[in-house]
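Asks: Fold the following for me, if possible:
(one chain, ligands or ions: 2)
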Amino acid sequence: MSNYTKLLKNLEDLKLDKMRSMLPEYLENIKKNPPHIIDCLLKLTEEEIKHQTVRASETLIRAAAFPFKKTLEDFDFDFQPSINKDEIYDLATLRFVEDKSNILFVGNSGVGKTHLAVALGIKATEHRYSVYFITCHALIMKLNKAQKENRLDKMLRHMCQYRILIIDEIGYLPVDKEGSNLFFQLINIRYGNKSTIITTNMPFSKWSDVFYDATLANAVLDRLLHYSSVIRITGNSYRIKDKVEEQDTKKKIGGNYV
Ligand SMILES: Nc1ncnc2c1ncn2[C@@H]1O[C@H](COP(=O)(O)OP(=O)(O)O)[C@@H](O)[C@H]1O
Ligand SMILES: [Mg+2]
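Replies: Numbering: from 1, shown residues only. Ligands and ions are numbered 1, 2, ... in the order given. Have a look, this model is predicted:
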């Protein structure tokens with residue numbers, strides 16, 4: 001076996017897939033003007049790191065169970081001037097994950113809460129943080145089921161492993177006494193340990209209507225808000241953007257609409 005074949009095999013064994021695949025062409029390209037060995041290794045290892053980062057992010061994105069894949073670059077900040085773009089990009093530095101701080105997106109339906117939560121989640125996967133996305137309703141069903149099957153502790157520990165847990169749509173459905181208790185337990189375990197991102201259409205003052213009683217609602221809010229950024233979005237729904245634009249156009253040209 002030639003040394004070249006041995007090298008290819010070593011790269012395969014070490015799972016350095018990118019270096020393995022780019023090596024033949026790379027060697028061909030540098031034949032005429034070979035760079036210093038350090039520069040060669042630097043180039044090859046940089047490409048390998050890039051490749052592995054993308055692969056890790058793809059795996060983490062699959063595990064995160066996002067409802068869609070949208071990024072911050074896909075978000076039209078001009079459409080939603082109530083959002084401070086700098087604040088969102090500051091959150092995208094992911095300092096909040098290291099600080100174990102939370103983010104709460106509050107606003108009506110369609111204003112981009114889930115989009116921004118997912119975008120920050122995707123950004124986090126690029127830095128190899130584990131993320132899990134779940135609606136509040138599905139989360140409570142999961143916790144309820146685990147409790148019935150005597151594996152609540154295990155489930156809570158599992159849910160506490162994610163560096164970011166995104167709990168979507170708090171407030172769309174009321175939560176009963178048992179569900180409220182379970183939800184509190186989860187938030188309490190993550191409090192100060194891991195970051196949680198919340199989206200809600202309910203102002204915090206109305207959370208006592210969502211959870212079983214005001215005491216539980218306050219206990220949950222207390223822990224979520226202690227280390228947190230609250231992003232309040234007050235604009236129009238993006239879902240009806242086209243309808244509004246259509247109406248505006250009709251208005252401008254003097255058309256009627258019902
Ligand atoms: N400012 C925006 N720029 C681009 N797309 C947006 C914007 N706001 C919302 N969307 C899109 O509109 C849809 C509804 O947004 P979503 O984040 O689900 O709203 P919410 O969670 O606040 O109800 C999604 O497809 C989302 O990607
Ligand atoms: Mg949403």
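
Asks: Any idea how many residues pack against residue 207?
Replies: The tally of other residues near residue 207 (other Cβ atoms under 10 Å) stands at 20. Where C-beta positions appear, they are placed from N, C-alpha and C, glycine not excepted.

Asks: Tell me the pLDDT of the closest residue to it other than its chain neighbours.
Replies: The shortest distance from residue 207 to any non-neighbouring residue, by Cβ to Cβ, 6 or more residues apart in numbering, is to residue 217 (4.1 Å). You'll see residue 217 listed with a pLDDT of 96.

Asks: I am assuming residue 176 contacts residue 212, so please confirm or correct that.
Replies: Yes. The pair residue 176 / residue 212 is scored as a contact, 6.4 Å apart, by Cβ atoms under 8 Å.

Asks: Between those two, tell me which one has more neighbours.
Replies: The neighbour comparison of residue 176 against residue 212 (other Cβ under 10 Å) goes to residue 212, with 18 against 13.

Asks: which bits of the stretch 151-258 of the chain sit near ligand 1?
Replies: Contact residues (Cβ under 6 Å from any ligand atom) of the stretch 151-258 of the chain with ligand 1: 199, 238-239.

Asks: next one: the stretch 1-150 of the chain
Replies: For the stretch 1-150 of the chain, the residues in contact with ligand 1 (Cβ under 6 Å from any ligand atom) are 70, 74-76, 79-80, 107, 109-115.

Asks: Pull out the buried members of those residues.
Replies: 70, 75, 80, 107, 110-115 (16 or more other Cβ atoms under 10 Å).

Asks: related to what we said a few turns ago, okay, the residues of the stretch 1-150 of the chain next to ligand 1 in a markdown table with secondary structure next?
Replies: Shown next, in a markdown table, are those (DSSP: H, G, I helix; E, B strand; the rest coil):
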| residue | secondary structure |
| --- | --- |
| 70 | coil |
| 74 | helix |
| 75 | coil |
| 76 | coil |
| 79 | helix |
| 80 | coil |
| 107 | strand |
| 109 | coil |
| 110 | coil |
| 111 | coil |
| 112 | coil |
| 113 | helix |
| 114 | helix |
| 115 | helix |
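
Asks: Identify the farthest-apart pair in those.
Replies: 74 and 109 (18.8 Å; Cβ to Cβ).

Asks: List the buried residues in the helix or strand containing residue 155.
Replies: Using DSSP states H and E, the element containing residue 155 is helix 152-159. Applying a neighbour-count criterion of 16+ other Cβ under 10 Å, one finds 152, 155-156, 159 buried in helix 152-159.

Asks: List just the nearest of these to ligand 1.
Replies: residue 159 (21.4 Å; Cβ to the nearest ligand atom).

Asks: With just CA atoms, put stretch 74-85 into PDB.
Replies: This file holds the C-alpha atoms of stretch 74-85, laid out as PDB (Å, rounded to 0.1, in the frame of the first residue of the first chain):
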ATOM      1  CA  ASP A  74     -35.300  35.700   6.600                       C
ATOM      2  CA  PHE A  75     -36.900  38.200   9.000                       C
ATOM      3  CA  ASP A  76     -38.100  41.500   7.700                       C
ATOM      4  CA  PHE A  77     -37.300  43.900  10.500                       C
ATOM      5  CA  ASP A  78     -38.700  46.800   8.500                       C
ATOM      6  CA  PHE A  79     -42.200  45.200   8.600                       C
ATOM      7  CA  GLN A  80     -42.000  45.000  12.400                       C
ATOM      8  CA  PRO A  81     -40.600  48.300  13.700                       C
ATOM      9  CA  SER A  82     -41.600  47.600  17.300                       C
ATOM     10  CA  ILE A  83     -38.700  45.100  17.400                       C
ATOM     11  CA  ASN A  84     -35.200  46.500  18.100                       C
ATOM     12  CA  LYS A  85     -33.100  44.700  15.500                       C
END
